[in-house]
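K.L.:
Sequence and predicted structure, then a few things I'm wondering about:
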Amino acid sequence: MNLLEMLPRAAYHDEAHVGDFQGAVGRQMDAAEAARDDLMKQARPATATWGMTIYEREYGIEPDVSKPHDQRLSRWRAKRRGQGTTTKELIKLMASSFTGGEVDVREPKGQYLVEIEFIGTWGVPPNVDDLEESIREVLPAHLDLTLLYKYLTFGMLTAQNMTFGELTALGLEWLEFAGGAWTDGR
């Protein structure tokens, strides 16, 4: 902030000590504004940086600063949503908060099992270990958990009348699809 510009030009602009003083005060005000703006970012988990650790600890999550913010935020949201009675809808909400895609939750009769199928995501979603840990924390102990993923298979490729060579000719690598990059729109 240039405070000297706010003073009357004729009275103060020629005084060297006034310029030095106003410059020093301006730098301090800039630093104070930056600190205020940073503090305001910490008030919301979606924009928090160093404050994310506070939100995580509030829900008993051990902060892992090596993970990207979006993964930490997903885990926090799932933990927050996982409070109360565990229902199929709650598990679905928690799982979709991690993947950002559509999921289906099933409870096959008589199997003491909960299946989560990732419908809107190909391959293994990022941060799936944290998702599984969060779900297991709220899942009753007598129920097991199975995660079901969607992959591009050779059968799907041939159903599209494509060969590996044609895939490569499009500039696409098979390994991209083995990890789940293939979409229904292709």
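P.N.:
Perfect, thanks for sending it. Numbering: from 1, shown residues only.
K.L.:
what about residue 164, distance to residue 102?
P.N.:
Separation of residue 164 from residue 102 (C-beta to C-beta, to the nearest Å) stands at 29 Å. All C-beta atoms are positioned from the backbone trio N, CA, C, and that covers glycine.
K.L.:
tell me the average confidence for the longest helix along the chain?
P.N.:
Ranked by residue count under DSSP state H, the longest helix found in the chain is helix 16-41. For helix 16-41, mean pLDDT is 85.
K.L.:
Can you point out the buried residues in that helix?
P.N.:
22, 26 (16 or more other C-beta atoms under 10 Å).
K.L.:
Which parts of the protein belong to which domain?
P.N.:
The chain breaks down into these domains under automatic domain parsing: 3-41, 53-150.
K.L.:
quick check: mean pLDDT across the last one?
P.N.:
Think domain 53-150. For domain 53-150, the mean confidence score works out to 85.
K.L.:
With neighbour numbers in mind, choose between residue 164 and residue 102.
P.N.:
Using other C-beta atoms under 10 Å as the criterion, residue 164 and residue 102 rank with residue 102 on top: 13 against 10.
K.L.:
which residues touch that one?
P.N.:
By C-beta atoms under 8 Å, 6 or more residues apart in numbering, the contact list for residue 102 reads 96, 119, 120.
K.L.:
Now intersect the residues you listed with the helices, please.
P.N.:
residue 96.
K.L.:
Which of the contacts of residue 102 ranks first by neighbour count?
P.N.:
Ranking these using other C-beta under 10 Å puts residue 96 first, with 21 neighbours.
K.L.:
partners of the nearest residue to that residue once chain neighbours are set aside in the sheet?
P.N.:
Spatially, and ignoring its direct neighbours in sequence, residue 96 is nearest to residue 103 (5.1 Å; C-beta to C-beta, 6 or more residues apart in numbering). Bridge pairing for residue 103 (DSSP bridges) gives the partners residue 118.
K.L.:
Check the burial of residue 103 by counting its neighbours.
P.N.:
23.
K.L.:
what does residue 143 give?
P.N.:
13.
K.L.:
got a list of what it touches?
P.N.:
112, 113, 114 are the contacts of residue 143 under C-beta under 8 Å, 6+ apart.
K.L.:
tell me which element residue 105 is part of?
P.N.:
In this structure, residue 105 sits in strand 103-106 according to DSSP states H and E.
K.L.:
Kindly export that strand (C-alpha atoms) in PDB.
P.N.:
Provided in PDB are the C-alpha atoms of strand 103-106 (Å, rounded to 0.1, in the frame of the first residue of the first chain):
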ATOM      1  CA  VAL A 103     -21.600 -44.800  -6.400                       C
ATOM      2  CA  ASP A 104     -24.100 -47.600  -5.700                       C
ATOM      3  CA  VAL A 105     -24.300 -49.200  -2.300                       C
ATOM      4  CA  ARG A 106     -25.800 -52.700  -1.900                       C
END
